[in-house]
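Enquirer: starting from these lines, generate the structure:
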Amino acid sequence: MTTPVKLAIVYYSSTGTIATIARELHDAGLKAGAEVRMVRAGELAPQSAIDSNPAWVANQTATADVPEATPEDIDWADAVIFGTPTRFGNVSSQLKQFIDTLGGLWAEGRLADKVYSGFVSTATAHAGHESTLLALYNSVHHFGGIVVSPGFTDPAKFADGNPYGTSHTDGQGTNPVGDTTRTAARIQAERVVAMAARLKAAADAEPPAEAESHPMAAPDPEAQPRTAGERPRRWWQRRRR
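Expert: All right, here's what the predicted structure looks like:
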């Protein structure tokens, strides 16, 4: 019997918009039958900058009980949904810094074959919804992950209009997360869980395959004859020949 999908929601939020969407995804994931972890990327901004913005302070207090993300959360998951506010049309430095800590898992091939998706927010219209999600998915391609976007697979998606992932324009704090964005988040969570469940069921049905070494791993010294005194080549040395 296939076990429930393990869904990790990993986000960074400064003033609370992304945190609100993350909670919607969390609840929808649970309702879809997944085991869900919601974790946040660590803060990099100085406390003085946070204290200068009441909304930032309020969100820091409201999310103090949300665990800080670690690479183990990604290793645990069958599916991952990343969330970030846009920063100059790109991923926030806080979430990117967390992604950059995943090199050890990547080197072991442990980021591959998982389902990934993303959600974003901006302060103004046309401020990087699509470009931020596409930038986020660049990392997923390097992981060997499987991007599952919502597309227009549900009629309700035509209301928010972003096939790449849930996105919201908060209007510099004047436009709180409403029904349209919440519905988009629920559709995305349900789709991610459903696709991950299909992959998980297919993998569980396959006979066990012989273990294969990851191409980034050091070669087996016994498998590569070499002359006396010759040191085995590592993967980066082999690529530069």
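Enquirer: center of this protein, which residue is that?
Expert: The residue lying closest to the centre of the chain (CA atoms, centre = their mean) is Phe82, at 3.0 Å.
Enquirer: ok, now which ones touch that residue?
Expert: 10-11, 95, 99, 116-119, 136 (CB atoms under 8 Å, 6 or more residues apart in numbering). Every residue, glycine included, has its C-beta placed from N, CA and C.
Enquirer: switch to 7 Å and redo it
Expert: Applying CB atoms under 7 Å, 6 or more residues apart in numbering, one finds that Phe82 lies in contact with 10-11, 95, 118, 136.
Enquirer: show me where this protein has its strands.
Expert: Secondary structure of the chain (DSSP state E): strands located at 6-11, 35-40, 79-87, 90-91, 115-122, 146-147, 166-169.
Enquirer: with mean pLDDT and distance to Pro67 added, can I get the ones you listed in a markdown table?
Expert: Listed next are these as a markdown table, based on pLDDT from 0 to 100; distance: least, CB to CB, whole Å:
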| stretch | mean pLDDT | distance to Pro67 |
| --- | --- | --- |
| strand 6-11 | 99 | 11 |
| strand 35-40 | 98 | 5 |
| strand 79-87 | 98 | 15 |
| strand 90-91 | 96 | 21 |
| strand 115-122 | 97 | 19 |
| strand 146-147 | 98 | 25 |
| strand 166-169 | 94 | 22 |
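Enquirer: could you dump those strands to CSV with distance to Asp73?
Expert: Output for those, formatted as CSV (distance: least, CB to CB, whole Å):
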stretch, distance to Asp73
strand 6-11, 5
strand 35-40, 5
strand 79-87, 8
strand 90-91, 18
strand 115-122, 13
strand 146-147, 18
strand 166-169, 20
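Enquirer: what's the closest of these to Phe158?
Expert: strand 166-169 (13.8 Å; CB to CB).
Enquirer: tell me where the longest helix sits in the protein.
Expert: helix 179-205 (DSSP state H).
Enquirer: for that helix, give the mean pLDDT please.
Expert: Here helix 179-205 scores 95 as its mean pLDDT.
Enquirer: could you check the angle strand 6-11 makes with it?
Expert: 140 degrees (axes from the mean of the first three to the mean of the last three CA atoms, to 10 degrees).
Enquirer: next, the buried residues of helix 179-205.
Expert: Neighbour-count burial for helix 179-205 flags 181-197, 199-200 (criterion: 16 or more other CB atoms under 10 Å).
Enquirer: what bridges to the residue nearest to the centre of the chain?
Expert: Following DSSP bridges, Phe82 is listed with bridge partners Val10, Gly118.
Enquirer: got the contact list for Ile146?
Expert: 114-116.
Enquirer: residues touching Tyr12, list them.
Expert: So Tyr12 contacts 18, 40-41, 84, 92, 94-95 (CB under 7 Å, 6+ apart).
Enquirer: now swap in Arg186 and tell me
Expert: 24, 28.
Enquirer: likewise for Leu30?
Expert: Val36 are the contacts of Leu30 under CB under 7 Å, 6+ apart.
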